[in-house]
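Asker: sequence-free structure coming up:
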């Protein structure tokens with residue numbers, strides 16, 4: 001069975017690009033257009049991985065990571081940040097919030113699939 005991935009991204013175009021790259025890799029994809037909606041969707045979908053943008057209205061991606069980590073069932077689910085921000089300070093804030101990794105936009109679809117595959121393999125129960 002293929003992994004379920006939740007994309008949290010406010011840009012419809014970027015969601016489409018991420019979805020396309022992941023579906024090409026055989027992943028099942030759910031989407032959320034903002035972080036507040038994602039808090040409900042994550043519990044409905046129970047994803048194996050979350051990919052979230054940082055800059056979103058209402059609630060930013062770093063705050064979303066913090067909130068997801070408060071749900072007992074999602075404390076160890078990998079969360080990747082996919083954003084245009086690449087500063088060390090931003091990455092440290094992401095790690096401190098509980099993010100598993102950081103991918104900078106623009107992204108190469110094959111590289112995104114590789115990173116997702118690597119993260120899911122590391123997180124798989126032994």
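Answerer: Cool, the structure landed. Every value quoted in this text rests on a predicted model; they were computed, and no experiment measured them.
Asker: now the strands for this protein?
Answerer: Counting by DSSP state E, one finds strands in the chain at the ranges 4-8, 28-32, 49-52, 79-83, 101-104.
Asker: these into TSV, with extra columns for mean neighbour count, mean pLDDT and distance to residue 72?
Answerer: In this view, the C-beta of every residue, glycine as well, is placed from N, C-alpha and C. TSV is the format used below for the strands of the chain (neighbours: other Cβ atoms under 10 Å; pLDDT from 0 to 100; distance: least, Cβ to Cβ, whole Å):
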stretch	mean neighbour count	mean pLDDT	distance to residue 72
strand 4-8	24	98	17
strand 28-32	19	97	20
strand 49-52	25	98	16
strand 79-83	23	94	15
strand 101-104	16	92	22
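Asker: mind listing residues that contact stretch 57-77?
Answerer: The contact list for stretch 57-77 (Cβ atoms under 8 Å, 6 or more residues apart in numbering) reads 8, 10, 34-36, 38-39, 42-43, 46-50, 52-56, 79, 81, 83, 93-94, 97-99, 123.
Asker: can I get the buried part of those residues as one PyMOL selection?
Answerer: Command for PyMOL, covering only those of these found buried under the criterion 16 or more other Cβ atoms under 10 Å:
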select buried, resi 8+10+34+35+36+38+39+42+47+48+49+50+52+53+54+56+79+81+83+93+94+97+98+99
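Asker: returning to that earlier point: as JSON lines, the strands of the chain with distance to residue 71 would be great.
Answerer: As requested, the strands of the chain are exported to JSON lines (distance: least, Cβ to Cβ, whole Å):
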{"stretch": "strand 4-8", "distance to residue 71": "13"}
{"stretch": "strand 28-32", "distance to residue 71": "15"}
{"stretch": "strand 49-52", "distance to residue 71": "11"}
{"stretch": "strand 79-83", "distance to residue 71": "12"}
{"stretch": "strand 101-104", "distance to residue 71": "20"}
